[in-house]
Every structure is written in C-alpha cells, then in structure tokens.
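# quick one, fold the following:
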Amino acid sequence: MLADYQKIASIRLASGLAEEVVLTFGELRLRVFGTSMVPSILPGDFVSIHRAGLNEISPGEIVLFRQLDRLFVHRVVDRKIMAAAAGAEGPCLITRGDRLRHNDLPVSSSELLGRVISIQRGDRNVEMQTHGLNGPMVRVLQSSDRLTSLYLRLSAYWRAHFPRRAKCQA
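Residues are numbered from 1 along each chain as shown. Below you'll find the model as predicted:
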C-alpha cells in the first residue's frame, strides 16, 4: 500500500501530466473518480476536455481546472473580477460541484485547463445539462454522503441489470 506522501506525489504527477496534455494537444479524455458532480457525472464516467480560455466559458458549463496540485471537474456558477496578489484585477470563474453546497476557490485563467464537451458512461454518451440540477434529488444528495453512496450503488445495480438495448441499424 502506498504511503501518504507517495499518494500525494502520484496525484501531483498525474495532474501535471494531464495539464501538459491539454496544453500541448488541446484535448484530453479522463476518468472521473469523485462524487462532487453526482448525479450529472458519476464516478467511473469518462469526460472529454477541449482546451478553452477563460473568456470562452459561460456559467452553466462544466470545466476542468487544476488547483492545489489536484484536478477538478466542476460546473461554472458565475464569472467575477477579482483582485490578484500584485494588486491588478483579473477575471475568474466561480465553480462548484453539483452535489456541493459551497463554491470552490476562484479559478484564474492560469488554472483553467478546458471545458467538458462530452460525458461517456459505459458504452453511451450522457446528455450534458447546461445548468446545475436543482431538483429534490440533488438537494437530498447534498444533505448526506450516505444517501449519495446509496444512490451510486442503486445506479450501478440498475445499469448492470437493466442495460440499454442497442438499436438496430438499417
């Protein structure tokens, strides 16, 4: 089993590599492991990212950014002008996971890697919501990690026992 410092080093290395791939090639496909975007994005889903600048992103879109040596895939909830450390003001994005109650730290242009253009779950593409889900299910998931865990287990059971049928092609 890896020691904590080895896990941290692995996470830093992986996030740095992902950043380099997006900056070099303009796109990236990666698997999501966290639960902050449930039910829009489930752990194990693949997301496709295309490089994008801060001025190209609108509230409601899902973005990939790097902060604190980690990668995050969260929804943009607002755009703001924030004062930088050097006293200059600059634009930033305000993001939050759909299941989370609190906003993330502001995302600067140097931290933004790109926008999510597609979500793949198993062998099918998932329709992307252009805004955060605000229904009763999200409020329930926001209120309890246990209920989120139960939701994820039920979702996995449903997909395993009731797969979507492939359509015949003519």
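
# hey, let's count contacts and neighbours off CA atoms from now on
Noted.

# which stretches of the chain form strands?
In the chain, the segments counted as strands under DSSP state E are 27-31, 46-50, 62-67, 70-83, 89-96, 112-121, 124-126.

# flag every buried residue along stretch 135-154.
Across stretch 135-154, burial judged by 16 or more other CA atoms under 10 Å covers Val138, Leu141, Gln142, Thr148, Tyr151, Leu152.

# tell me where the chain has helices.
Shown for the chain, the helices assigned by DSSP state H span residues 4-25, 136-143, 145-161.

# rank those by pLDDT, which is bottom?
Sorting the helices of the chain by mean pLDDT places helix 136-143 lowest, at a mean of 82.

# can you tell me what sits against that helix?
Residues from elsewhere that reach helix 136-143, judged by CA atoms under 8 Å, 6 or more residues apart in numbering: Val38, Pro39, Asp98, Arg99, Leu100, Arg101, Leu147, Thr148.

# redo that, cut-off 7 Å
Identification of contacts with helix 136-143 by CA atoms under 7 Å, 6 or more residues apart in numbering yields Arg99, Leu100, Arg101, Leu147, Thr148.

# farthest-separated two in those?
Pairwise distances across the contacts of helix 136-143 peak at 15.3 Å for Arg101 and Leu147 (criterion: CA to CA).

# relative to Phe46, how far out is the most centrally placed residue in the chain?
The centroid of the chain falls nearest to Val73 when counting by CA atoms, centre = their mean (1.9 Å). Applying CA to CA, to the nearest Å, one obtains 11 Å for the distance of Val73 from Phe46.

# likewise for Pro91?
Distance of Pro91 to Phe46, computed by CA to CA: 29 Å.

# ditto for Val63
Using CA to CA, Val63 is found at 14 Å from Phe46.

# same question, Phe33
Using CA to CA, Phe33 is found at 9 Å from Phe46.

# of those two, which one has the most company?
A direct count of neighbours by other CA atoms under 10 Å for Phe33 and Phe46 places Phe46 higher, at 19 against 12.

# grab the nearest non-local neighbour of Ala83.
Nearest non-adjacent residue to Ala83, counting by CA to CA, 6 or more residues apart in numbering: Glu89, 4.2 Å away.

# what sits against Ser118?
Neighbouring residues of Ser118 by CA under 7 Å, 6+ apart: Val47, Ser48.

# can you pull up the bridge partners for it?
For Ser118, the beta-bridge partners are Ser48 (DSSP bridges).

# hey, C-alpha coordinates of the helix or strand of the chain with the lowest mean pLDDT in CSV?
Every helix and strand of the chain was ranked by mean pLDDT, DSSP states H and E. The lowest is helix 136-143, at a mean of 82. C-alpha atoms of helix 136-143 as CSV (Å, rounded to 0.1, in the frame of the first residue of the first chain):
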residue,chain,number,x,y,z
PRO,A,136,-35.2,17.4,-5.0
MET,A,137,-32.7,14.6,-5.8
VAL,A,138,-29.8,17.0,-5.8
ARG,A,139,-30.9,18.5,-2.5
VAL,A,140,-31.1,15.0,-1.0
LEU,A,141,-27.6,14.2,-2.3
GLN,A,142,-26.2,17.5,-0.9
SER,A,143,-27.6,16.7,2.5
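
# thanks a lot, see you next time.
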